[in-house]
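Student: Below: sequence and its predicted model.
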Amino acid sequence: MERGRILGVVLLAAVTAGAIGYAASRQAEERAAAETAYQAYLDALPLAEAEGETCSPNGRFQVRTAGESDLWISGVRIPEALEIVDTETGEVRWEDAGYVRQSVLWSPGNNLVAMACGARTWGTVYVVSTAFWTTWEFTLPDGTSIPDYTFLPEDWGRWLDENTLLVTVGQGGDAGEQHTYRCILRPGEDGTLSGSVQEQTTEVPPGAYDFDHDGTAETVEVTTVLDPENEGVPVWHELRISDGERTWTEGADHSHAGAETLCAVRLDGEDCLLRYVPYMGQGYCTYHYEIFSLDDAFRPVTLRENSVEFDLNWDQPWHAFDTEAVAAFLVEIHGLLDGARPLLDTGWGELPLGEGVDYGDTGSVRAHLEALAAESRG
């Protein structure tokens, strides 16, 4: 009886061990099959490549992805690395992890390369210096990163010059409001790469203009840069005129020294630009205007200009205030401004001549200037 019980236990143990072994073998087979299927799925997925301007303008460097990781997101296999390679030597000069998306934009000076990188829920922008291979990461003006689920559009960036990058965040419409940021990069002699970020807005003024007189209207844009510490307060403006190949720009800010007015005017039946700067400082005044067009290289060509100088230091022996000259200039410039279309205006204004002055009448302007002078002298 006892012997039979022992034999039964032994047989049961053998059966159990066999079952366990079979189950383990089956699990191993299933795991191997799953791994094989997963690898086959990975191999069938497209590998995320570097997109955009992968080669520097001078051909010296190339941005590329390298290797294949065992990860995938949104139907794309993630590369092991993102590299910048010296095309002459084949040396890898800079390396980072690979991403679902890596879009490349080189500066015109070959000195900086911007890369928009991201995954399914987030994105960021890096700028790499090719002089020292140091990296700067874009942040919003308040120092925070781009929020999750706020995506970059396809045309996320544009270099204005070798150190100024525009970055657009948000895809617009139902996909999220768009904001554009001006990033000024500062490569340091010690190898550091720093930058400042300010939000900007761009408007297209009404009208069509042909400032280079070639028979085709140019694109005209006015950019306003906002103060990062005072939301919505403009600190600087830029007028940009372009035909797609050539560009002319001029900036103006709200500081005393940087203020000016730029308008579109017609002279001899053609579109021209009018720059008016009524500068005042420490009682000394220089009012100057210039009408100019653009040549075939988009360089300004002066067509007409005038200026007047005077001072408001009424009690000083060197004081000079030619009422006739100032009145004649004010009548002339206001006659031009009356028929002009403003494009950019940060001017601080002119002499406060009071109410009722008629800038179309030299006598009226002269009378108001004389009244201002008499009042100021006491």
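Tutor: Noted; the coordinates are in hand. Numbers count the residues shown, from 1 in each chain.

Student: what about the strands in the stretch 201-350 of the chain?
Tutor: Under the criterion DSSP state E, counting those that start in this stretch, the stretch 201-350 of the chain contains strands at 219-226, 234-242, 247-253, 261-267, 270-281, 284-294, 300-311, 341-345.

Student: Can you check what angle separates the second one from strand 219-226?
Tutor: Counting by axes from the mean of the first three to the mean of the last three C-alpha atoms, to 10 degrees, strand 234-242 lies at 160 degrees to strand 219-226.

Student: just the third one next, same as before
Tutor: Here the directions of strand 247-253 and strand 219-226 differ by 30 degrees (the same axes, to 10 degrees).

Student: Nearest to residue 210, out of the strands of the stretch 201-350 of the chain?
Tutor: Within those, the stretch nearest residue 210 is strand 270-281; the backing value is 5.1 Å (C-beta to C-beta). Using the backbone N, CA and C atoms, a C-beta is placed for each residue, glycine as well.

Student: Okay, buried residues for stretch 208-218 please.
Tutor: 209, 210, 211, 212, 218 (16 or more other C-beta atoms under 10 Å).

Student: What lies in contact with it?
Tutor: Contact with stretch 208-218 is made by 220, 241-243, 248, 264, 270-273, 293-296, 298, as judged by C-beta atoms under 8 Å, 6 or more residues apart in numbering.

Student: Please repeat the previous calculation with a cut-off of 7 Å.
Tutor: The contact list for stretch 208-218 (C-beta atoms under 7 Å, 6 or more residues apart in numbering) reads 220, 241-243, 264, 270-273, 293-296, 298.

Student: How far away from the center of its chain is that stretch?
Tutor: 26 Å (C-alpha atoms, centre = their mean, to the nearest Å).

Student: now swap in stretch 141-151 and tell me
Tutor: Distance, centroid of stretch 141-151 to centroid of chain: 16 Å (C-alpha atoms, centre = their mean).

Student: List the contacts of it.
Tutor: 121-124, 139-140, 169-171, 175-176, 197-199, 228.

Student: Now with 8 Å, please.
Tutor: Taking C-beta under 8 Å, 6+ apart as the rule, stretch 141-151 contacts 118, 121-124, 138-140, 152, 169-171, 175-176, 181, 197-199, 228.

Student: show me where the protein has helices.
Tutor: Secondary structure of the chain by DSSP state H: the helices cover 2-44, 323-338, 362-377.

Student: Once you drop chain neighbours, what's closest to the residue positioned nearest the centre of the chain?
Tutor: Nearest residue to the geometric centre of the chain (C-alpha atoms, centre = their mean): residue 166, 1.7 Å. Spatial nearest neighbour of residue 166, chain neighbours left out: residue 158 (4.6 Å); criterion: C-beta to C-beta, 6 or more residues apart in numbering.

Student: Contact partners for the one you found?
Tutor: For residue 158, the contact set (C-beta under 8 Å, 6+ apart) comprises 105, 165, 166.

Student: same thing with residue 129?
Tutor: 111, 112, 135, 136, 187, 191, 193.

Student: Looking at the contacts of stretch 208-218, which one is closest to residue 307?
Tutor: So of the contacts of stretch 208-218, ranked by how close each gets to residue 307 (C-beta to C-beta), first place is residue 273, at 16.9 Å.

Student: Bridge partners for the closest one, pull those for me.
Tutor: residue 264, residue 292 (DSSP bridges).

Student: Neighbours of it, how many?
Tutor: Residue 273 has 24 neighbours, counted by other C-beta atoms under 10 Å.

Student: for it, what are its contacts?
Tutor: 211, 262, 263, 264, 265, 291, 292, 293, 294, 300, 343.

Student: related to what we said a few turns ago, just the buried ones out of the contacts of stretch 208-218, please.
Tutor: 220, 241, 243, 264, 271, 272, 273, 293, 294, 298.

Student: Just list the residues touching residue 48, thanks.
Tutor: Residue 48 touches 65, 76, 77, 78, 79, 98, 99, 100, 101, 102, counting by C-beta under 8 Å, 6+ apart.

Student: where's it relative to residue 124, distance?
Tutor: Residue 48 sits 15 Å away from residue 124, taking C-beta to C-beta, to the nearest Å as the criterion.

Student: Report pLDDT for residue 1.
Tutor: Predicted confidence (pLDDT) for residue 1: 48.

Student: that older thread, which pair in the buried residues of stretch 208-218 has the greatest spatial separation?
Tutor: Across the buried residues of stretch 208-218 (C-beta to C-beta), the longest gap, 9.7 Å, separates 209 and 212.

Student: Once you drop chain neighbours, what's closest to residue 340?
Tutor: Nearest one to residue 340, counting by C-beta to C-beta, 6+ apart, is residue 263 at 3.6 Å.

Student: number of nearby residues for that neighbour?
Tutor: Quick note: residue 263 (other C-beta under 10 Å) scores 20 neighbours.

Student: ok, the closest residue to residue 343 other than its chain neighbours - contacts?
Tutor: What sits nearest to residue 343 in space, not counting adjacent residues and going by C-beta to C-beta, 6+ apart, is residue 262, at 5.0 Å. Residues in contact with residue 262 (C-beta under 8 Å, 6+ apart) are 239, 250, 252, 273, 274, 275, 276, 342, 343, 344, 345.
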